[in-house]
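In: need the 3D shape of this:
(chains A and B)
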There are 2 protein chains.
Amino acid sequence: MEKALVVLSGGQDSTTCLYWAIDKFGHENIDTITFDYGQRHSIELESAVKVAEVAHVPNIIVPINTFGFLGGNSLADSDIEVKNELDENTNLPNTFVPGRNLIFMTFAAAYAYQKGIKHLVTGVAQTDYSGYPDCRDETMKALANSINLGMEAEFELHTPLMFMSKAETVELAQKCGAMDALAWSHTCYNGKFPPCGECPACQLREAGFKDAGVLDPIFLRGK
Amino acid sequence: MEKALVVLSGGQDSTTCLYWAIDKFGHENIDTITFDYGQRHSIELESAVKVAEVAHVPNIIVPINTFGFLGGNSLADSDIEVKNELDENTNLPNTFVPGRNLIFMTFAAAYAYQKGIKHLVTGVAQTDYSGYPDCRDETMKALANSINLGMEAEFELHTPLMFMSKAETVELAQKCGAMDALAWSHTCYNGKFPPCGECPACQLREAGFKDAGVLDPIFLRGK
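Out: Numbers count the residues shown, from 1 in each chain, chains lettered A, B, ... in the order given. The predicted structure follows:
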């Protein structure tokens, strides 16, 4: 069986992908990587660690100090407030970190290269993509191509959630046995537990569980 | 006139590209970016700063702590010795940092995105590429495609040295007036000044100047 590396942010989508990957590649073939890129809230990293723990899979937290240095967006720069509206100049949400997923996947590939891991798994989805162009299928395919050329490698990049609605993602999570771990996944842009329920990320998550007719296990979690 | 960002390592090729870019885009439209990724030798960063100073162009040094953390290659991990032979397993030099140029160009694009700079310039060349797959034309084209899709941008990626021999690069440097700055550029893998003359990088540089029939200005520099 070939090995797979899951990019685990500790959010709902990557947690679901982790269980999808366990199902597909076998539990013993799974490794996970989490990026500490100066997230506003340390709760995100804690969630990733906890999810990996619940799933009994290895996890490495890899630092990237560059986004924080470059600044200019609300997810990596705590001086900037998260806005729900699109930026007037770029027509993108101000939570958009230019190139974030490109960088994550390239570093994930560099790590996988060293470890002899062939499959890369990420939870990006273009359906509910919130206006992030680096989550689209076309971008991911182009990126896989440039990574394989640049590293002379043959990685397969898996994006199981790419065309799923949030409700379908919830159904997949149920099917793969991800619900226990999802109780520990983190989504809220405001870094709150219990979730604020008001930021775009919370609302997207809430709508997905509602559409699937499933109770979000995060509300069953003790503190 | 549109703006251009030159990725400036402080080496011979990027220094030459800087002057090529000044010539093409106009001196006032040039910005430079240098990555502090845990190079073995601080002399590389010092050279980049000095070259930008000699050229009277702005320079920003951007940290990337990820390669050093991932380790596993001789350029970013000072515990590993630089070898002249190819690695038995990968058939690549052990100075190969998987994904290095992919990461550099993506972060350069993220910076350019924020600054409204349209043109990206890098000194990679596939002619003398020392076995680095991330320096090839095909890789750079694929990368530009994934960056433009991922950032919803229209960057133009320029690689003026791509198909030049080292001798032709020297001739270009002369034509663009880069010789004064080249005196301060750094090439030696062993971080020596005067250059060791024995590592693959020194030998490549030496051969290029010799073939072009030009004295390397680095030997005219005082300490």
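In: where do the helices sit along chain A?
Out: Ranges of helices in chain A, per DSSP state H, are A:12-25, A:43-55, A:66-70, A:100-115, A:137-151, A:166-176, A:179-182, A:200-212.
In: for B:Glu206, find the nearest of the ones you listed.
Out: Minimum separation from B:Glu206 across the helices of chain A (C-beta to C-beta) falls at helix A:137-151, 28.0 Å. Any C-beta I mention is one placed from the backbone N, CA and C, and that applies to glycine too.
In: the closest one and chain B, are they touching?
Out: Yes - interface with chain B: helix A:137-151 contributes A:138-139, A:142-143, A:145-147, A:149-151 (C-beta under 8 Å from any C-beta of the partner chain).
In: among the helices of chain A, where is the model least confident on average?
Out: Of all these, mean pLDDT reaches its minimum on helix A:66-70 (a mean of 89).
In: which strands and helices sit next to the longest strand seen in chain A?
Out: Ranked by residue count and defined by DSSP state E, the top strand of chain A is strand A:30-36. The elements that strand A:30-36 packs onto, with contact taken as 3 or more C-beta pairs under 8 Å, 6 or more residues apart in numbering or on different chains; DSSP states H and E, are strand A:4-7, helix A:12-25, helix A:43-55, strand A:59-63, helix A:100-115.
In: now do the end-to-end distance for stretch A:190-199.
Out: With C-alpha to C-alpha, to the nearest Å applied, stretch A:190-199 spans 7 Å between its terminal residues.
In: okay, buried residues for that stretch please.
Out: Neighbour-count burial for stretch A:190-199, with 16 or more other C-beta atoms under 10 Å in any protein chain shown as criterion, is recorded at A:191-192, A:195, A:199.
In: that stretch - what's its average pLDDT?
Out: Across stretch A:190-199, pLDDT averages out at 91.
In: show me the contact partners of that stretch.
Out: A:40-41, A:43-44, A:82, A:84, A:186-189, A:202-203, A:205-206, A:218-219, A:223 (C-beta atoms under 8 Å, 6 or more residues apart in numbering or on different chains).
In: tell me what A:Thr32 is bridged to.
Out: Per DSSP bridges, the residues bridged to A:Thr32 are A:Val6, A:Asn59.
In: wait, what's in contact with it?
Out: If you count contacts by C-beta under 8 Å, 6+ apart, then A:Thr32 has A:5-8, A:18, A:48, A:52, A:57-60 around it.
In: out of these, which are buried?
Out: When the contacts of A:Thr32 are checked for burial by 16+ other C-beta under 10 Å, the buried set is A:5-8, A:18, A:48, A:52, A:57, A:59-60.
In: can I get the residues you listed in TSV including distance to A:Phe163?
Out: Formatted as TSV, the buried ones among the contacts of A:Thr32 follow (distance: C-beta to C-beta, whole Å):
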residue	distance to A:Phe163
A:Leu5	22
A:Val6	19
A:Val7	18
A:Leu8	21
A:Leu18	19
A:Ala48	25
A:Ala52	26
A:Val57	26
A:Asn59	27
A:Ile60	29
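In: right, so of the helices and strands packed on strand A:30-36, which gets closest to B:Leu172?
Out: Shortest distance between B:Leu172 and those, using C-beta to C-beta, is found for helix A:100-115: 29.8 Å.
In: A:Ile61 and A:Thr34: what is the separation?
Out: Distance of A:Ile61 to A:Thr34, given as C-beta to C-beta, to the nearest Å: 5 Å.
In: higher neighbour count, these two?
Out: For A:Ile61 versus A:Thr34, neighbours defined as other C-beta atoms under 10 Å in any protein chain shown are more numerous around A:Thr34 (23 against 15).
In: which ones are touching the residue nearest to that one when sequence neighbours are not counted?
Out: Residue nearest to A:Thr34 in three dimensions, not counting chain neighbours: A:Ala48, with 4.2 Å by C-beta to C-beta, 6 or more residues apart in numbering or on different chains. Applying C-beta under 8 Å, 6+ apart, we find A:Ala48 in contact with A:8-10, A:14, A:32, A:34, A:59, A:61.
In: which pair in those spans the largest distance?
Out: A:Ser14 and A:Ile61 (13.6 Å).
In: A:Thr16 reaches A:Met179, doesn't it?
Out: No - taking contacts as C-beta atoms under 8 Å, A:Thr16 lies outside contact range of A:Met179: 9.8 Å.
In: tell me which of the two has more neighbours.
Out: More crowded of A:Thr16 and A:Met179, by other C-beta under 10 Å: A:Thr16, with 27 against 18.
In: counting neighbours, what do you get for the residue lying closest to that one once chain neighbours are set aside?
Out: Nearest residue to A:Thr16, sequence neighbours excluded (C-beta to C-beta, 6+ apart): A:Ala173, at 4.4 Å. As a burial measure, A:Ala173 scores 28 neighbours (other C-beta under 10 Å).
In: cool, and A:Ile117?
Out: For A:Ile117, the number of neighbouring residues by other C-beta under 10 Å comes to 21.
In: picking up where we left off before, which one of the contacts of A:Thr32 is nearest chain B?
Out: Nearest to chain B among those is A:Ile60, at 9.2 Å by C-beta to the nearest C-beta.
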